[in-house]
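**Q** quick one: sequence and predicted model below, then my questions.
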Amino acid sequence: MGIRIITDSTSDISAAQAKELGVTIIPLKVIFGDKEFKEGIDITMEGFYDKLVHAEKLPTTSQPSPDDFLTSFLEAKEAKDSVLVILISGKLSGTLQSATIAKELAEYDDIHIVDSLITITGLRFLVEHAVKLNREGKSVLEIVPVLEELKNRIVLLAMVDTLEYLYKGGRLSKSSAILGSLLKFKPIITVKDGVIGVLGKERGSNKGIAKMLEIMGEQGQLDDNYPVYYGYTAEDSKTKQLMDIVNQKYKIKHSSIHPVGCVVGTHAGPGACVITYINKA
């Protein structure tokens with residue numbers, strides 16, 4: 001009897017990393033025309049961004065079905081294992097709803113579903129922290145409250161090249177998208193309380209990165225007891241620039257950089273750079 005940790009593919013944890021962590025990944029889907037691809041299984045990140053740039057019509061994305069979770073839940077029930085499910089914000093995707101339905105179908109009480117209120121690097125952080133606590137011998141009932149507390153201290157900031165993808169994907173209003181697109185501004189966005197918001201805009205990447213640093217100073221004090229995660233879509237030069245500046249300024253001891261996958265990349269578009277960290281309580 002142990003703990004089975006399950007997350008979804010917007011955590012951008014690769015199959016090899018999932019195996020190393022002992023985590024099960026439930027894929028979301030990206031759909032180009034009439035062709036459906038399971039994220040991380042049927043399409044590579046490189047192949048996706050090439051298709052995205054050249055697509056006449058933007059792809060759509062789709063949540064997993066309850067059945068996609070049910071098999072794992074029933075296997076855990078049979079083994080009498082606890083299940084810890086950490087998923088993309090329920091306000092951004094129906095993935096959480098599918099997992100909740102699957103839990104009801106499994107008729108197993110020892111399934112614990114955490115709405116991360118976030119995605120990509122923020123979700124990855126919570127999953128990797130849960131794995132760490134599990135390896136330290138914590139029970140699922142000890143781990144869940146820690147995650148619930150930490151998720152409210154996660155700060156995720158991203159600079160995107162355009163808001164066009166977020167607007168076309170239905171994640172932003174037309175007025176917000178038009179505002180950000182004027183004069184080639186680089187919008188700065190965040191995911192707060194599970195939803196996407198626009199925090200500012202600057203002309204050019206260098207001013208955009210400076211704005212991100214300014215916002216970091218306004219958001220509270222970075223807690224250097226936890227790692228800082230960086231992300232990028234398609235191309236990592238801006239993220240590496242941000243990483244160098246932040247790590248030096250805040251004397252960051254532990255940080256890592258990760259590509260952002262197909263589902264979130266559909267809405268962010270190529271050229272985004274992301275920072276995720278934990279604020280002090």
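**A** Yep, it's here.
**Q** ok, which stretches of the stretch 151-281 of the chain are helices?
**A** 164-168, 174-181, 205-218, 237-250, 262-268 (DSSP state H, counting those that start in this stretch).
**Q** want to throw those helices into a markdown table with mean neighbour count and distance to Pro145?
**A** Yep, even glycine has a C-beta here, placed from its N, CA and C like the rest. What follows is the helices of the stretch 151-281 of the chain, written out as a markdown table (neighbours: other C-beta atoms under 10 Å; distance: least, C-beta to C-beta, whole Å):
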| stretch | mean neighbour count | distance to Pro145 |
| --- | --- | --- |
| helix 164-168 | 19 | 33 |
| helix 174-181 | 15 | 35 |
| helix 205-218 | 16 | 27 |
| helix 237-250 | 16 | 27 |
| helix 262-268 | 28 | 27 |
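**Q** columns distance to Asn225 and mean pLDDT on top of these, output as TSV?
**A** Formatted as TSV, the helices of the stretch 151-281 of the chain follow (distance: least, C-beta to C-beta, whole Å; pLDDT from 0 to 100):
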stretch	distance to Asn225	mean pLDDT
helix 164-168	32	68
helix 174-181	34	56
helix 205-218	17	96
helix 237-250	12	97
helix 262-268	27	91
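**Q** what pLDDT does Leu58 get?
**A** pLDDT for Leu58: 85.
**Q** how about the secondary structure of it?
**A** Taken by DSSP: H, G, I helix; E, B strand; the rest coil, the conformation at Leu58 corresponds to coil.
**Q** re the thing from before, of all the helices of the stretch 151-281 of the chain, which lies closest to Glu56?
**A** For Glu56, the closest of the helices of the stretch 151-281 of the chain is helix 164-168, at 12.5 Å, according to C-beta to C-beta.
**Q** out of the helices of the stretch 151-281 of the chain, which gets nearest to Val198?
**A** Set against Val198 and scored by C-beta to C-beta, the helices of the stretch 151-281 of the chain come closest in helix 174-181, at 5.5 Å.
**Q** which residue is nearest the centroid of the protein?
**A** Nearest to the mean C-alpha position of the chain, counting by C-alpha atoms, centre = their mean, stands Ile120 at 1.6 Å.
**Q** which stretches in the stretch 51-200 of the chain count as strands?
**A** Remark: strands assigned in the stretch 51-200 of the chain by DSSP state E, counting those that start in this stretch are 60-62, 82-87, 111-115, 154-159, 185-192, 195-203.
**Q** mean neighbour count, the ones you listed: which tops it?
**A** Of all these, strand 82-87 has the most neighbours on average by mean count of other C-beta atoms under 10 Å, namely a mean of 26.
**Q** name every strand pairing with it and say which way it goes.
**A** strand 3-8 (parallel), strand 111-115 (parallel) (DSSP bridges).
**Q** which residues are in contact with it?
**A** Contacts of strand 82-87 with the rest of the structure, by C-beta atoms under 8 Å, 6 or more residues apart in numbering, involve 1-8, 11, 69, 72-73, 76, 93, 95-96, 99, 108, 110-116, 123, 126-127, 130, 134, 139-140, 143-144, 147.
**Q** quick one on the thing from earlier: mind putting the helices of the stretch 151-281 of the chain into TSV with distance to Ile275?
**A** Listed next are the helices of the stretch 151-281 of the chain as TSV, based on distance: least, C-beta to C-beta, whole Å:
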stretch	distance to Ile275
helix 164-168	18
helix 174-181	19
helix 205-218	7
helix 237-250	6
helix 262-268	14
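**Q** nearest to Gln17, out of these?
**A** Smallest distance to Gln17 across the helices of the stretch 151-281 of the chain (C-beta to C-beta): 16.4 Å, for helix 262-268.
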